[in-house]
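Q: Predicted model, plus sequence, below.
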Amino acid sequence: MSGLALYDTRTRQKRRFEPLEPGHARVYTCGPTVYSAQHIGNLRSYVFADLLRRALLAEGLRVTQVINLTDVGHLTDDADAGEDKMELAARKSGRRAEEIAAEYTAQWLRDRRRLNCQDPEVLCKATDHIPQQIEMIQELERRGYTYRIADGLYFDVSKFPRYAELAQLDLAGQASTGRVGDVEGKRHAADFALWKFAAPGVQRQQEWDSPWGRGFPGWHIECSAMSVHYLGRRFDIHTGGIDHLTVHHSNEIAQSECALEVHPWVQFWMHGDWLIIEGEKMSKSQGNVALLDDLVGRGFLPLSFRFFLLQAHYRKQQVFTPEAIAAADRGYRRLLQQTLALKDASGPVDAGRLAAPRERFRAAVRDDLNAPRALALAGEVARDEALAPAERRALLEEFDRWLGLDLLTAEVSREPAESDPRIDALLAERQAARQRRDFAGADRIRDQLAAEGIVIEDTPEGPKWRRK
């Protein structure tokens, strides 16, 4: 029996996890919309899902994890208004939508792997599963859950009494406040598109024939169709960001439980909270994003960002600042100095002496993936001279199978980056002056910093600074 206890958003309870199929955990993770680069706020969701995956493996379970790639159907407005994000990116760039999707999928996969996120068993694209989406929409239509208006086929939430359950929504309030805006002809503000019709006279790159006419699927149907296709009519865990709770995941439940006549469709719903910067969630719409490449360009190790994320529980908001990531980089490097010194430790290992710290670590992981507590325990073991070096090495090797920090194998060649918000701001101001060809202004900033003992190096990745 699994000792893992997970928090389920639907029931608002932490409870013991037991897979529907003995010995086999089936997990669906909402993946990226690949119209632009995935920022570090996006990546937090995937590090959380990776910790879940590793915890399930630690329980001796076989894991099948499915992650989708949204390369069609995600509109710029949750009201099913606006433009498809992929089409919009293609039109602005003059490129093919599939080229854009391939580029940003590669970036996302590269960053996941740099953060030691394990690859899923299935990585599936929405555009490769149009028939499965059409089939599920047809089933909903046969059961009487749909209606047609000028711009598409919609799901009628009034016919699904449990619609508000997951997010504890006030549907009556939504009708008056317009939670998801207005589309002419919708019966209720929360009704959502299953299939959108191609607009007359509008040239789209991505559209398909369907029983309702030429068009493209709504965003939500892809996750239902693909999860069922790969994981079955019911499965164990569905993960995603907290921003998916009120619309995307509520819609997934409605269409899936109605099409399949099951309840609950998913045993556990797990949501990671936002990464906060300057008081706002990090998001492309806010324009306050940072990429993993930005951190690496400043001299931080990629796994320093994973270390940073492990310092907060996945269900808590986490504040990102230059000072916080610099502190995490220093902390990770210090931990590596301690653990790498044990890399070649040998000698007898007393299993009895390992039992207590091993159990404390296992209890942290089993307590809804309590990463801050587990990380602190790893640091304690690395410093615990009451344990023989070989004993510390054995424990850290075991702990790192969950932490994913390369504690005994990392290669650290660069010095930790310094961070100073004032200097960083001046450097950004100098860069902006150079871009507008105000070279005199840029030189004044350079001279000001030089007088303070700051050396600026202009590199292909952008300017960097260091103290003399």
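A: Perfect, I can see it now. Numbers count the residues shown, from 1 in each chain.
Q: Show me how the protein divides into domains.
A: Domain ranges of the chain: 5-275, 291-403, 421-467, per automatic domain parsing.
Q: how about those domains, which one is nearest Ser285?
A: Closest to Ser285 of the domains of the chain is domain 5-275 (Cβ to Cβ; 8.9 Å). C-beta: built from backbone N, CA, C; applies to glycine.
Q: related to what we said a few turns ago, quick one: closest of the domains of the chain to Lys284.
A: Relative to Lys284, the nearest member of these by Cβ to Cβ is domain 5-275, separated by 6.3 Å.
Q: distance between the ends of that closest one?
A: 24 Å (Cα to Cα, to the nearest Å).
Q: Same check on stretch 271-279?
A: Using Cα to Cα, the end-to-end distance of stretch 271-279 comes out at 20 Å.
Q: buried set for that stretch?
A: 271-277 (16 or more other Cβ atoms under 10 Å).
Q: Export these to JSON lines and append columns for distance to Ile221.
A: Below are the buried residues of stretch 271-279 laid out as JSON lines (distance: Cβ to Cβ, whole Å):
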{"residue": "His271", "distance to Ile221": "20"}
{"residue": "Gly272", "distance to Ile221": "23"}
{"residue": "Asp273", "distance to Ile221": "26"}
{"residue": "Trp274", "distance to Ile221": "26"}
{"residue": "Leu275", "distance to Ile221": "28"}
{"residue": "Ile276", "distance to Ile221": "31"}
{"residue": "Ile277", "distance to Ile221": "32"}
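Q: ok, those residues vs Arg306, which is closest?
A: Leu275 (13.1 Å).
Q: per-residue confidence for the closest one?
A: Note on Leu275: pLDDT of 95.
Q: beta partners of it?
A: Beta-bridge partners for Leu275, by DSSP bridges, are Gln318.
Q: Helices along the stretch 101-250 of the chain, start to end?
A: 130-142, 171-177, 219-231, 250-260 (DSSP state H, counting those that start in this stretch).
Q: and the residue nearest to Ile149 when sequence neighbours are not counted, how far is that from Arg148?
A: Using Cβ to Cβ, 6 or more residues apart in numbering and skipping the chain neighbours, the partner closest in space to Ile149 is Gly185 (3.3 Å). Remark: distance between Gly185 and Arg148 (Cβ to Cβ, to the nearest Å) = 9 Å.
Q: Tell me which strands the helix or strand harbouring Val455 pairs with, and in which orientation.
A: Counting by DSSP states H and E, the element that carries Val455 is strand 454-459. Applying DSSP bridges, strand 454-459 is found paired with strand 462-467 (antiparallel).
Q: Please point out which parts of the partner strand sit buried.
A: Those would be 464-465, for strand 462-467 by 16+ other Cβ under 10 Å.
Q: The stretch 151-300 of the chain: strands as residue ranges?
A: Applying DSSP state E, counting those that start in this stretch to the stretch 151-300 of the chain gives strands spanning 152-155, 192-197, 215-217, 235-241, 266-272, 275-277, 280-281.
Q: would TSV of the ones you listed with distance to His39 be doable?
A: Compiled in TSV, the strands of the stretch 151-300 of the chain are given as follows (distance: least, Cβ to Cβ, whole Å):
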stretch	distance to His39
strand 152-155	30
strand 192-197	26
strand 215-217	26
strand 235-241	12
strand 266-272	14
strand 275-277	9
strand 280-281	11
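Q: closest one to Arg436 among these?
A: If you check each of these against Arg436 by Cβ to Cβ, strand 275-277 wins as the nearest, at 25.7 Å.
Q: Give me the helices and strands touching the closest one, please.
A: helix 40-58, strand 318-319 (3 or more Cβ pairs under 8 Å, 6 or more residues apart in numbering; DSSP states H and E).
Q: Could you export the first one as CSV, CA atoms only?
A: Coordinates of each C-alpha in helix 40-58 appear next as CSV, following Å, rounded to 0.1, in the frame of the first residue of the first chain:
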residue,chain,number,x,y,z
ILE,A,40,10.4,30.2,-15.7
GLY,A,41,6.9,30.7,-14.4
ASN,A,42,5.7,28.0,-16.8
LEU,A,43,8.6,25.8,-15.8
ARG,A,44,7.5,25.8,-12.2
SER,A,45,4.5,23.7,-13.1
TYR,A,46,6.7,21.0,-14.7
VAL,A,47,9.2,20.8,-11.9
PHE,A,48,6.2,20.2,-9.6
ALA,A,49,4.9,17.5,-11.9
ASP,A,50,8.4,16.0,-12.0
LEU,A,51,8.5,15.8,-8.2
LEU,A,52,5.1,14.0,-8.3
ARG,A,53,6.4,11.6,-10.9
ARG,A,54,9.5,10.8,-8.8
ALA,A,55,7.4,10.3,-5.7
LEU,A,56,5.2,7.8,-7.4
LEU,A,57,8.3,5.9,-8.7
ALA,A,58,9.7,6.0,-5.1
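Q: lowest-confidence stretch among the domains of the chain?
A: Note on these: lowest mean pLDDT is at domain 421-467, with a mean of 80.
Q: Grab the nearest non-local neighbour of Ile221.
A: Ile221 sits nearest to Gln133 (Cβ to Cβ, 6+ apart), 4.8 Å away.
Q: So that neighbour versus Asp170, what's the distance?
A: Noted for Gln133: a distance of 30 Å to Asp170, by Cβ to Cβ.
Q: So for those two, which sits in the more crowded spot?
A: Per other Cβ atoms under 10 Å, whichever of Gln133 and Asp170 has more neighbours is Gln133, with 27 against 12.
Q: how close does that one sit to Trp208?
A: Distance, Gln133 to Trp208, by Cβ to Cβ: 9 Å.
Q: now swap in Glu59 and tell me
A: Following Cβ to Cβ, the distance that separates Glu59 from Trp208 is 41 Å.
Q: likewise Leu336?
A: Leu336 is 50 Å from Trp208, by Cβ to Cβ.
Q: of these two, who's got more company?
A: Counted by other Cβ under 10 Å, Leu336 and Trp208 do not tie: Leu336 has more neighbours, with 23 against 16.
Q: which SS class is the more buried one?
A: Look at Leu336: counting by DSSP: H, G, I helix; E, B strand; the rest coil, its state is helix.
Q: do the one 10 residues further on as well
A: Taking three-state DSSP as the rule, one finds Ser346 in the coil state.
Q: Now for the nearest residue to it once chain neighbours are set aside, how many residues are close by?
A: Nearest non-adjacent residue to Ser346, counting by Cβ to Cβ, 6+ apart: Ala390, 5.6 Å away. Neighbour count for Ala390, taken as other Cβ under 10 Å: 16.
Q: I'd guessed Ala390 sits against Ala345; true?
A: Yes. Contact criterion Cβ atoms under 8 Å: Ala390 and Ala345 qualify, at 4.7 Å.
Q: For the residue nearest to Ile149, list the residues it contacts.
A: Gly185 makes contact with 149-151 under the criterion Cβ atoms under 8 Å, 6 or more residues apart in numbering.
Q: residues of the one helix or strand Arg333 maps to that come out buried?
A: Taking DSSP H and E as the criterion, the element that holds Arg333 is helix 322-340. Using 16+ other Cβ under 10 Å as the test for burial, helix 322-340 gives 322, 325-326, 328-333, 335-336, 338-340.
Q: quick revisit: which one among the buried residues of stretch 271-279 gets closest to Glu397?
A: The nearest one, if we look at those relative to Glu397 and count by Cβ to Cβ, is Gly272, at 27.1 Å.
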